[in-house]
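# Predicted model and sequence follow; I will ask about them next.
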Amino acid sequence: MVYFIFLLLFIFIFISMLLNISIIYPLIIGLLLFSFYSYKLGFSFNEILKMIFKGGKKSTVVIKIFILIGAVMGVWLSSGVVPYIVYLGIKFMNPKFFLVYTFIICSITSYLIGSAFGTVGTIGIALIILAKGAGININLAAGAILSGSFFGDRCSPMSSSANLVANLTETELYVNVKNMIKNSLIPTFITILIYLLLSINLNISMVNKNIVKDISKEFILTPYLLLPAIIIIILSLFKVDVKKSISVSIIAAIFLDIFVQNRSIVETLKYMIFGFKIDNNNLVAQIIKGGGILSMLKVSIIVFLSSAYSGIFEETKILKKLEEGIASLSKRIGNTPSTIMVSIITSMIGFTQALAVILAVQFVKGIYKDKYKLALDIENSAIVIAPLIPWNIAGAVPASIMGVNNGLIIYAVYLYVLPIYNIILSKRR
């Protein structure tokens with residue numbers, strides 16, 4: 001019966017994506033089905049409600065961070081922080097090493113803003129435009145962008161997914177960040193080497209950088225605009241609570257928005273809540289937009305509903321047989337390969353990175369004695385595998401933003417190298 005409900009949930013989510021309906025509705029239907037099944041098992045209506053809210057309550061800490069991330073993205077865009085990062089990234093580009101540069105600048109940007117979608121939607125689009133003008137294979141360029149975008153989505157203290165994993169595994173965020181950076185050094189080096197070889201074969205001599213001029217027309221640019229990003233980095237080094245560090249960064253960006261970009265406090269607050277946009281149709285207006293607290297509302301609901309599932313699963317033990325099967329598998333092939341296999345499946349049936357992560361943690365947490373190893377393996381699997389699944393939102397949305405097809409997945413080198421490296425590493429222990 002449990003597998004049948006999962007099958008129905010998969011079908012409902014698949015249909016919702018085909019019809020462009022929010023995934024929230026099939027998640028609610030699935031939650032009702034699991035609730036009904038729990039009732040059939042003998043649990044009372046009140047007990048089931050308590051399970052749902054107990055599970056959902058676990059997501060409240062993450063949702064608070066989501067709200068702050070939405071606000072900081074809105075004010076980082078309006079104050080010129082993100083535009084200045086994009087400006088610097090393109091201005092100092094060396095076209096001979098286009099793919100290497102693309103991966104590195106997207107990695108830096110995604111680490112600073114903590115969002116794969118935010119990276120793709122800003123500097124990612126700018127780099128795609130440059131690639132088209134230079135005659136570069138668009139899927140190749142998009143693959144490098146996707147790789148770099150999920151570098152920071154995985155290990156930035158600003159990342160919603162990193163905060164979600166820390167919350168689900170009951171681990172300390174900054175310890176996880178340190179572990180992830182250390183673990184990614186060799187995969188990052190290998191990725192750069194592969195993109196270097198591919199860049200040499202491209203034989204590019206120049207790219208059109210007119211977008212740099214367009215950004216300088218829309219924003220007052222000064223090195224002071226890097227201050228909010230520097231604050232995040234410095235406070236993370238001192239392991240300041242991420243909510244406090246984001247709040248301080250927001251305050252700094254508000255001052256920059258008012259005193260550098262000459263906006264009113266009303267405008268600034270509007271952008272923090274509703275997101276930023278430029279009122280014209282030029283190229284900069286197409287890439288410098290988004291953010292805002294309301295932009296995080298949908299993902300917050302998805303995470304709450306997904307967490308509610310875990311509340312039912314934990315209390316009813318309806319996944320016990322499946323978890324026992326995974327435990328048996330881990331004894332044969334090891335924890336890391338088992339987690340990667342489970343993450344591939346949850347990424348395929350979950351359709352979103354958040355649901356894939358929550359399901360993966362639920363399925364494999366029983367095989368780990370070290371919760372920090374669990375957190376690292378989830379970050380090295382579900383987080384980076386989800387964008388490799390064509391129908392998963394984690395990969396489908398970036399492809400749509402950049403206007404490319406699923407061919408970009410082939411060239412998202414980092415997303416392959418990281419899990420493969422960790423499988424090899426686990427076998428050597």
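Received, thanks. Numbering: from 1, shown residues only.
# Could you list the low-pLDDT ranges of the stretch 201-350 of the chain?
203-209 (pLDDT under 70).
# List the contacts of residue 188.
Applying Cβ atoms under 8 Å, 6 or more residues apart in numbering to residue 188 gives the contacts 107, 151, 414. For every residue, glycine as well, the C-beta is placed using N, CA and C.
# Among these, name the ones in helices.
Counting by DSSP state H, the part of the contacts of residue 188 found in helices is 107, 151, 414.
# Give me the neighbour count for the second one.
Neighbours of residue 151 under the rule other Cβ atoms under 10 Å: 30.
# repeat for the first one
Close neighbours of residue 107, defined as other Cβ under 10 Å, add up to 25.
# How many residues are close by residue 300?
The tally of other residues near residue 300 (other Cβ under 10 Å) stands at 21.
# What is the helix or strand where it lies packed up against?
Residue 300 belongs to helix 297-316 when elements are defined using DSSP states H and E. Counting contacts by 3 or more Cβ pairs under 8 Å, 6 or more residues apart in numbering; DSSP states H and E, helix 297-316 is packed against helix 24-40, helix 45-57, helix 60-79, helix 160-169, helix 353-364.
# do that again at 10 Å, thanks
The contact analysis (3 or more Cβ pairs under 10 Å, 6 or more residues apart in numbering; DSSP states H and E) places helix 297-316 against helix 2-18, helix 24-40, helix 45-57, helix 60-79, helix 160-169, helix 320-333, helix 353-364.
# If you count neighbours, what's buried in the helix or strand following the fourth one?
This means helix 60-79. Next along the chain after helix 60-79, taking DSSP H and E as the criterion, comes helix 81-91. Going by neighbour count (16 or more other Cβ atoms under 10 Å), the buried part of helix 81-91 is 81, 82, 83, 84, 85, 86, 87, 88, 89, 90.
# and these as JSON lines, adding pLDDT?
Converted to JSON lines, the buried residues of helix 81-91 look like this (pLDDT from 0 to 100):
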{"residue": "81", "pLDDT": "92"}
{"residue": "82", "pLDDT": "88"}
{"residue": "83", "pLDDT": "90"}
{"residue": "84", "pLDDT": "92"}
{"residue": "85", "pLDDT": "88"}
{"residue": "86", "pLDDT": "84"}
{"residue": "87", "pLDDT": "88"}
{"residue": "88", "pLDDT": "87"}
{"residue": "89", "pLDDT": "82"}
{"residue": "90", "pLDDT": "81"}
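# In CSV, list the residues you listed along with distance to residue 177.
Converted to CSV, the buried residues of helix 81-91 look like this (distance: Cβ to Cβ, whole Å):
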residue, distance to residue 177
81, 21
82, 21
83, 26
84, 24
85, 20
86, 24
87, 27
88, 24
89, 23
90, 28
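# Check those and tell me the two furthest apart.
81 and 90 (15.6 Å; Cβ to Cβ).
# Now do the helix or strand where residue 131 lies against helix 81-91, angle only.
Assigned by DSSP H and E, residue 131 falls within helix 125-134. For helix 125-134 against helix 81-91, the angle by axes from the mean of the first three to the mean of the last three Cα atoms, to 10 degrees is 30 degrees.
# and helix 125-134, what's its mean pLDDT?
Mean pLDDT, helix 125-134: 82.
# list the helices and strands it packs on?
In terms of contacts (3+ Cβ pairs under 10 Å, 6+ apart), helix 125-134 is packed against helix 81-91, helix 98-113, helix 138-155, helix 210-218, helix 283-287, helix 393-402.
# For those helices, give me TSV that also has distance to residue 348.
Formatted as TSV, those follow (distance: least, Cβ to Cβ, whole Å):
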stretch	distance to residue 348
helix 81-91	32
helix 98-113	24
helix 138-155	17
helix 210-218	37
helix 283-287	31
helix 393-402	11
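# and among the ones you listed, the most buried is which?
Comparing the helices and strands packed on helix 125-134 by mean neighbour count (mean count of other Cβ atoms under 10 Å), helix 138-155 ranks first with a mean of 28.
# May I have the helix holding residue 131 as PDB, with CA atoms only?
Extracted as PDB, the C-alpha positions of helix 125-134 are listed here (Å, rounded to 0.1, in the frame of the first residue of the first chain):
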ATOM      1  CA  ILE A 125      22.300  34.500 -18.300                       C
ATOM      2  CA  ALA A 126      25.000  37.000 -19.000                       C
ATOM      3  CA  LEU A 127      27.600  34.300 -19.600                       C
ATOM      4  CA  ILE A 128      25.100  32.400 -21.900                       C
ATOM      5  CA  ILE A 129      24.700  35.600 -24.000                       C
ATOM      6  CA  LEU A 130      28.500  35.900 -24.200                       C
ATOM      7  CA  ALA A 131      28.800  32.300 -25.200                       C
ATOM      8  CA  LYS A 132      26.200  32.700 -28.000                       C
ATOM      9  CA  GLY A 133      28.100  35.800 -29.300                       C
ATOM     10  CA  ALA A 134      31.400  33.900 -29.300                       C
END
